[in-house]
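A.B. asks: just a sequence and a predicted model for now, questions to come.
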Amino acid sequence: MNRVALVTGAAGSGIGAKSCASLADAGFTVAAADIRGDGAKEVAAALSGSGHLGLTVDVTDEASVHTAFDEAEAALGPVAVLVCSAGIMIAPPGKSPSITEIDPADWDRTFAVNTRGPFFCIREYLARRRDTPAQGGRIITLSSAAAQSGGVRGGADYAASKAAVLALTKTVAREAAELGATANAIAPGPVDTPLFREMWPPGSESGLIDIMPFKRLIEPEEIAALVAFLASDAAANISGSTIDINGGYQMR
Ligand SMILES: NC(=O)c1ccc[n+]([C@@H]2O[C@H](COP(=O)([O-])OP(=O)(O)OC[C@H]3O[C@@H](n4cnc5c(N)ncnc54)[C@H](O)[C@@H]3O)[C@@H](O)[C@H]2O)c1
């Protein structure tokens, strides 16, 4: 059976791109979507299997999300798995802004991408699945350990936007259950991706690694493996959960 996954934030080499790879390896047909459409197309072209699609989407724009779903479903069929990985962190290298330093425009931009983005994608998904059910429905959001602990070096905008994703995902889990779909949030610790490197340039992360029990950053492939598991039939009864993947540096 052809099962379709749509992944946002799929360009480049981060969690979205690696999740496209893990889902393709698991047999899904993947719509890789990103504001950097050319990058999403490159990721789609490199996936195992065939029939994958690269798309441009701006998750802050409801019409753009609608169009991306239209394109994905016209080409591939109903989206069964939605992975909301598009995200931003606005911070100068090495230091997140303190509360008094956060520009309100940056606060709004962070929430537009990190919180309103998943909201638009999830509501598009749910509306479509009410009309045209798809077996094995899954909604997977990317929150952050910062949602649970607060921003460590400031960054209240990012932490708060990701905390909102947790509440959004739990609420969605109740609604999605009516459609037989699960909804779960992943809360990663520090993952070695372009987003992480914007704040922690290579060589600057030793203090952070010191407090991580395994003395290393998390690799994006490790998050992608969890995405593929949550998308699998084996995870059919996991819903409304926040799954930590932080190397044990933060325990709840
Ligand atoms: N890297 C980490 O340490 C870490 C930790 C916890 C959570 N996360 C979260 O995981 C997710 C993936 O992060 P990553 O580290 O892979 O970052 P990344 O920068 O590699 O990927 C994010 C992608 O989102 C895309 N994007 C940005 N704005 C967009 C928009 N408006 N519409 C569509 N796409 C847009 C970017 O082009 C980029 O390709 C994010 O939501 C991030 O907040 C990351």
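C.D. replies: Yes, it's here.
A.B. asks: roughly how far does Ala181 sit from the ligand?
C.D. replies: The gap separating Ala181 from the ligand is 20 Å, by C-beta to the nearest ligand atom, to the nearest Å. C-beta coordinates here come from the backbone N, C-alpha and C atoms, glycine included.
A.B. asks: isn't that residue right up against Arg129?
C.D. replies: Yes. With contacts counted by C-beta atoms under 8 Å, Ala181 reaches Arg129, the gap being 6.5 Å.
A.B. asks: now do the shared contacts for the two.
C.D. replies: Gly137 (C-beta atoms under 8 Å, 6 or more residues apart in numbering).
A.B. asks: ok, these two, which is more surrounded?
C.D. replies: Between Ala181 and Arg129, counting by other C-beta atoms under 10 Å, Ala181 is the more crowded of the two (25 against 21).
A.B. asks: what kind of secondary structure is Ala167 in?
C.D. replies: Secondary structure, DSSP: H, G, I helix; E, B strand; the rest coil: Ala167 is helix.
A.B. asks: number of nearby residues for it?
C.D. replies: 13.
A.B. asks: with Pro93 instead?
C.D. replies: Neighbour tally, Pro93, other C-beta under 10 Å: 10.
A.B. asks: also Asp106?
C.D. replies: By other C-beta under 10 Å, the burial measure for Asp106, its neighbour count, is 17.
A.B. asks: check the gap between the residue lying closest to it once chain neighbours are set aside and Tyr158 for me.
C.D. replies: In this structure, Asp106 finds its nearest non-sequential neighbour in Ile90, 4.5 Å apart by C-beta to C-beta, 6 or more residues apart in numbering. Plainly put, Ile90 is 8 Å away from Tyr158 if you go by C-beta to C-beta, to the nearest Å.
A.B. asks: of these two, who's got more company?
C.D. replies: A direct count of neighbours by other C-beta under 10 Å for Ile90 and Tyr158 places Tyr158 higher, at 28 against 19.
A.B. asks: look at Glu222 and give its secondary structure.
C.D. replies: At Glu222, secondary structure determined by three-state DSSP is helix.
A.B. asks: and Glu42, helix, strand or coil?
C.D. replies: helix.
A.B. asks: from memory it sits against His52, does it?
C.D. replies: No. Look at Glu42 against His52 with C-beta under 8 Å: they stay out of range, at 11.2 Å.
A.B. asks: what about those two, which has more around it?
C.D. replies: His52 (24 against 17).
A.B. asks: how close does the more buried one get to Ala40?
C.D. replies: 10 Å.
A.B. asks: tell me the residues that contact both of these two, please.
C.D. replies: Ala32.
A.B. asks: returning to that earlier point: contacts only, for the residue nearest to Asp106.
C.D. replies: Contacts of Ile90 by C-beta under 8 Å, 6+ apart are 106, 109-110, 157-158.
A.B. asks: try it again at 10 Å.
C.D. replies: Going by C-beta atoms under 10 Å, 6 or more residues apart in numbering, Ile90 touches 96-97, 102-103, 105-107, 109-110, 113, 155, 157-158, 198-199.
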